[in-house]
Structure formats: C-alpha cells, structure tokens
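Trainee: sequence below, structure please.
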Amino acid sequence: MHYILNETNQIIAADESLLNLCGLSHIDELSLKIALGEIKFDPTSETNLIITNDNNDEAYTISKTSLSSMLGRLTLVNVQIEEEASIESSAPMDLETDLISIDTDVEDTITEPETVEEETELFNLVSDEEFEESVETLDLGIEEKSEAVVDDTTPIVIDIDTISQQIGVSHEDYDTFLNEYIDTALGLEQDLRSSDEQTCSSAVATLSHLSEVLQLPVIGKLIENVSNASADTQREAVESFYAALSRLTTTPTVQEEEKKDLFEVQDDAVASAAGTGFGTISLDDVKPIHFDFRLEEAANDLSLPIELIEEFVRDFIDQGHIETKNMLKAYEEGDLDAIQKIGHLLKGASSNLRIKDLSDTLYKIQFCENSDDLEHLIKDYWGHFLSFEIQINALAN
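Mentor: Below is the predicted model of the structure:
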C-alpha cells in the first residue's frame, strides 16, 4: 500500500489498497473524512502510520522515499501489513527448501553408464548434423526474440481519464508525475544494470512503488522481471523495461482518436436534438451563506506565515470568479464533465487552504451526475463563496 505526501504533508495520491483499508473508494472521500474528523489519519510519522476509525486505532509500519518533482518535494510512503512481512520473511526459507528438493531429484535421476560401450552409445545418440541444426535453431530463436523486443514500437496508451480520476489528480498533474517517473527511471539506469544486488534492489523498489501509484501494471511487471533476472538475463530485462518506458503515452492512437471523434459527433447530434444545454443560471439574487473561516487557524494547520496564507486566499478568490464564469458557460452548453472538473479544481484549492465549508459544496458539484441538481448546488456554492469573500475583504478594512 502506498500514498504520496506534498511539502505540507497533505495526501495528494493513494492507491486502492489504502483506500480499501479505510473503507473508501476515492482519494476525495479520504480527504473529506479527514476534514470532517471521521477518520484521524497521521501520515507524518517517520516509522508508523496511525489510522483512527470508529474510535479504533490501527498502527502500520512505513518506509519513506523522497521524490523531486515539478510540484516540489514529494514523499512516497510504503505501508506494510503483517501478511506482507510474513510472506517476505518466509520466502528465503521456501527457496532454500525448493533448491534442496531439486538437487535431490536431480541426483536421483542421473545414473552413470555401467560400461564404456554404454557411454559411447550415449554420445552417439545425436549425430553431428542434428546437433548443428539444433544449435542453429536455438540461435535463430534468440535473435528473433531480441529483435522483437527492440523493434516493438507499439505505443502503450495510458487511460489518463480513468487513472487520474481514481488517484484524485488532474490530467496535468498526472502528466507531471509520469514525466517525473520517467526522469527518475533514466537516472536509475546504472543502478538497475549494477551487479551489486543491494543497489539494483533499491532502484527496483523505488520504480516499482511509483509504477504502482501511477497504476502502470505493464511497467510494474517489467521492473519486477529485472528484480527476478539472473546475471545472464539482467541486461535483456533492463532493456525491455526501458524499451516499454519509451512507448508510454497518454495520447490515443489514430484509431482511438477516430473512434472518440465519432462518439463526439454522435453526442453533439444528441445535444442538438435535445436543445442547447441545461439552461441558464443567474447568480444575481444569491445571498451570502455565512460560515466561519480564520486565517490564523489555517496558517497554524499548514505551518505557514499568515501573510502567505492571506496571499493564497486572495489568489483563490480571483480564480473562483474566473472559474465560476466558466462553470455557468458549461451549464449553458450542457457540459456536465466540464462542470465536474471545475468543481474538482476549486475543491482541491479550497481544501488545501482549509476552507472546509466551501470545499464541501464544491465536492457535491464534482460528483453530481444529475443535471437537475446542478442549479441548486451551484447557487449553494456561490452563497458560501460570497460569504468567504466578504470575510477576507473585511480583513483589509
């Protein structure tokens, strides 16, 4: 199980196993539960993760890996459970037992020829011509396999829509994480090729954890092959990994784009037949809906100067005015997906600034599937936004 922390120790990504452990299905639910105090989650400990749910404390051993990214310093946290620990500890003994068993079986099946004649007959079982043919066939098979690995240029298309939604990040953030992963992998190439087992294992562990967080099963399998490779096959396994890495893309193939365009044309035809969109919304008559927000509490919670928090808050207000106009335009065009993405964008920003009540209204917009509910939800959000803006403007007077 893994999750990623940003520089302020906020969880910005978590894998499915961790969410299942908390009884949740999405990173946004975890953020909301933590904000509401229903789950107490301490991700900042150096050695243990404490999760409090329904007044029950559960502790898990963790290990951390620092990541350098365009979003700042990130931390990858690996959460270990008892089953994993027991499996790892028992693996060497099982391997040793298996090797002993294999050695015994081989010794039982090999017998020495009783006479010189029998030994001669054994060598004569395969003629020289048959031996040469078998060697040629074997060499040809190896060459064909190597060429297949090198020449395969088929793109490995990542379903960025599905994956970014599952781990709770935007398309742009996922692209950033993916590029950072590729840069990290390139930087660890010498370690993967190293004959030192510990150096290679450390590089494999880092790349394996990151591929799991980014939900790249194909890449994860190939990096696992590097870990399991022998000295003779290590080079081929590493080359296969980097060959696949170069084929990663979030851009659909030509056929997929044509198929997507076809569906978009059909959707446009349906929208045209149904009307121009959901209608129009006027926010002129919306009244402020009061809730308390304190800059000092947000600054203390984020361990940042209050002046810096105030600057972030004012930037968020400017962003809110722009994105709200975009939301109303998307409503007029009947674009539910665009409205949900704007809700997700503003919800993330308000949650990071600890504007809880406002974040809760945007959370509802983000996951709204019924267009009939949108007008009420948007007006509810705008009422909270107006109240928040009034409170911040009052600080300047």
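Trainee: now the element after the helix or strand containing Asp173, going C-ward?
Mentor: Using DSSP states H and E, Asp173 maps to helix 171-187. Using DSSP H and E, the next helix or strand after helix 171-187 towards the C-terminus is helix 189-193.
Trainee: now the angle from the helix or strand that comes right after that following helix to helix 171-187?
Mentor: Toward the C-terminal end, the helix or strand that comes next after helix 189-193 (DSSP H and E) is helix 197-213. Counting by axes from the mean of the first three to the mean of the last three CA atoms, to 10 degrees, helix 197-213 points 170 degrees away from the direction of helix 171-187.
Trainee: give me the phi and psi for Asp292.
Mentor: In this entry, Asp292 is assigned phi and psi values of phi -90, psi 140 (degrees, to the nearest 10).
Trainee: the helix holding Asp173 - contacts with which helices or strands?
Mentor: Contacts defined by 3 or more CB pairs under 8 Å, 6 or more residues apart in numbering; DSSP states H and E place helix 171-187 against strand 56-69, helix 160-167, helix 197-213, helix 234-245. Bear in mind the C-beta positions are built from the backbone N, C-alpha and C, glycine included.
Trainee: strands of this structure, residue ranges please.
Mentor: For the chain, the strands defined by DSSP state E cover 2-5, 11-14, 39-42, 48-53, 56-69, 72-80, 156-157, 248-249.
Trainee: okay if I get those as a markdown table plus mean neighbour count?
Mentor: Conversion of the strands of the chain to a markdown table gives the following (neighbours: other CB atoms under 10 Å):
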| stretch | mean neighbour count |
| --- | --- |
| strand 2-5 | 22 |
| strand 11-14 | 22 |
| strand 39-42 | 16 |
| strand 48-53 | 16 |
| strand 56-69 | 13 |
| strand 72-80 | 17 |
| strand 156-157 | 14 |
| strand 248-249 | 16 |
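Trainee: wait, which of the ones you listed is closest to Leu21?
Mentor: Across the strands of the chain, the minimum distance to Leu21, taken as CB to CB, is reached by strand 48-53, at 7.3 Å.
Trainee: for the record, mean pLDDT for that closest one?
Mentor: Per-residue pLDDT over strand 48-53 has a mean of 70.
Trainee: how many neighbours does Arg235 have?
Mentor: Other residues within reach of Arg235 by the criterion other CB atoms under 10 Å amount to 12.
Trainee: spit out the contact partners of the residue lying closest to it once chain neighbours are set aside.
Mentor: If the residues on either side of it in the chain are set aside, Arg235 comes closest to Arg193, at 7.1 Å by CB to CB, 6 or more residues apart in numbering. Arg193 sits next to 200, 234-235, 238 when contact means CB atoms under 8 Å, 6 or more residues apart in numbering.
Trainee: low pLDDT regions in the stretch 201-350 of the chain?
Mentor: Segments of the stretch 201-350 of the chain classed as low confidence (criterion: pLDDT under 70) are 251-276.
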